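>>> Based on what follows, work out the 3D shape:
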Amino acid sequence: MNIKSLGFSSFFEDQLLDLLKDKKFEKCIPARVTKEHKHSYRVISENGEWLATVAGHYAYESFVQEDYPAVGDWVLVEKMDGEKRAIIHKLFKRKSQFSRKMAGQELDVQIVAANVDFVLLVMSLNEDFNIRRLERYLVAAWDSGATPVIVLTKADLCEDVERYYNEAQAIAFGVDIFVTSSYTGEGIEEISSLLKEGTTGALLGSSGAGKSTLTNALYRNDKMKVSGIREDDAKGRHTTTHRELVLLPKGGCLIDTPGMRELQLWDQSESLNSGFKDIEELAQNCRYRDCSHRSEPGCAVINAVDNGDLEYSRLQSYFKLLKELAFIERKVNTQARQAEQRKWKQISKGLKKKYK
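Residues are numbered from 1 along each chain as shown. Reported below is the predicted structural model:
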């Protein structure tokens, strides 16, 4: 296994050179996380694939979920003699990460996929097509550091592909859109050409959008189990239950993820501008610099809605995401202060024990 074909680029090579200057890592080698279990990971390296757990010192120095490895991460591991197991000693700095707020009331970030080059936003061409959901995915994708790509699946089952394509194009500025059908093969080669050797893509979308079927088409077999959609509402059944990185025949890597009916954003206010470039550009012509686009005179955004140049529903979606991100930002700032306090309290305890 050539480590570069797994995506180990110069970004990680430079980090490795610095890490290996420390003698405590002299028996370690780089490996990539392909699966994440409850208390362990599956990693792959040039020397093989092993089950791995984090070292004690690693866990001690980790304070939030984001500090732990996720699928797609590069880690420094030490192989256990005579066993197919390894210990994770260090997490490489990520070059990109697609994240979301963890489900439920807990305020913490969940890394969905790390170190990806392309975020493939998958949406099926049926009643489950939801332009507002796609807006959310685009905001998170722009924030990830990877290149967003929209993949519209099940073209063979759709009678009006152009309508859906135009809807997606109207809100996805500067984003490539591919129409695909795993049944006819339409668009599969174009997606495959993106995922060349050393490149990683991540499939993201709701249940039943066709992510696992697309993975099979790219892999050219039935590697991933697939399920049909419910006939009564065209919504999908959960097929993929865990995130997994697979190696494609042409040398690229692909991360398949469980379906996400609701993507809760996480501290991505800066990327809201990229997802709503049309509104941001209109806002440049507002009379007042701090215009809220609600009732101010001379508001270019409101004028665009009145003239039919901007859909009111898109503006409402913008307001909704803006409010959601402002709430998260306030909570995150408070949580960050509390985490910093816990961190130094733990360090202080360690020093007292050491010099007691």
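>>> Can you pull the domain assignment for the chain?
3-91, 97-256, 269-343 (automatic domain parsing).
>>> Let me know which of these is tucked in deepest.
The highest mean neighbour count among the domains of the chain, using mean count of other C-beta atoms under 10 Å, belongs to domain 97-256: a mean of 19. Quick note: C-beta positions are derived from backbone N, CA and C, even for glycine.
>>> Rounded mean pLDDT for that one, please.
Mean pLDDT, computed over domain 97-256, is 82.
>>> Please compute how far that domain lies from its chain's middle.
The chain centroid and the centroid of domain 97-256 are separated by 11 Å under C-alpha atoms, centre = their mean, to the nearest Å.
>>> And for stretch 304-323?
Using C-alpha atoms, centre = their mean, the offset of stretch 304-323 from its chain centre is 26 Å.
>>> Residues in contact with it: which ones?
Identification of contacts with stretch 304-323 by C-beta atoms under 8 Å, 6 or more residues apart in numbering yields 132, 135-136, 139, 171, 265, 269, 272, 275-276, 278-279, 282, 293, 301.
>>> Return the subset of those residues lying in helices.
Within the contacts of stretch 304-323, residues falling in helices by DSSP state H are Arg132, Glu135, Arg136, Val139, Ile171, Ser269, Leu272, Gly275, Asp278, Ile279, Leu282, Val301.
>>> what's the closest of those to Tyr60?
Ser269 (32.5 Å; C-beta to C-beta).
>>> Do you know the pLDDT at the closest one?
48.
>>> Contact partners for Phe8?
Pro30, Arg32, Trp74.
>>> for the chain, what spans make up the strands?
For the chain, the strands defined by DSSP state E cover 29-36, 41-45, 48-54, 74-79, 85-91, 97-101, 109-114, 118-124, 147-153, 176-179, 200-204, 244-247, 253-256.
>>> Give me the distance between the closest residue to Lys90 other than its chain neighbours and Leu248.
Setting aside the residues directly before and after it, Lys90 is nearest to Leu76 in space (C-beta to C-beta, 6 or more residues apart in numbering), at 3.9 Å. From Leu76 across to Leu248, the span is 25 Å (C-beta to C-beta, to the nearest Å).
>>> Check Glu311 too.
As judged by C-beta to C-beta, Glu311 and Leu248 stand 38 Å apart.
>>> what's the answer for His57, then?
His57 sits 35 Å away from Leu248, going by C-beta to C-beta.
>>> now do Ile88
Going from Ile88 to Leu248 by C-beta to C-beta gives 25 Å.
>>> What of Asp143?
In terms of C-beta to C-beta, Asp143 sits 26 Å off from Leu248.
>>> what residue lies at the spatial centre of the chain?
Geometric centre of the chain, nearest residue: Phe98, 2.4 Å, by C-alpha atoms, centre = their mean.
>>> That residue - nearest residue in space that isn't next to it in sequence?
Once flanking residues are discounted, Phe98 sits nearest to Ser144: 4.3 Å by C-beta to C-beta, 6+ apart.
>>> Quick one: residues contacting the one you found.
Per C-beta under 8 Å, 6+ apart, neighbours of Ser144: Ser96, Gln97, Phe98, Ser99, Val116, Val119.
>>> Would you mind giving those as TSV with distance to Cys158 added?
Shown next, in TSV, are the contacts of Ser144 (distance: C-beta to C-beta, whole Å):
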residue	distance to Cys158
Ser96	31
Gln97	33
Phe98	27
Ser99	31
Val116	28
Val119	23
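>>> between these, which is nearest Lys23?
Using C-beta to C-beta, Gln97 comes nearest to Lys23 of the contacts of Ser144, at 29.9 Å.
>>> Kind regards, and thank you for your time.
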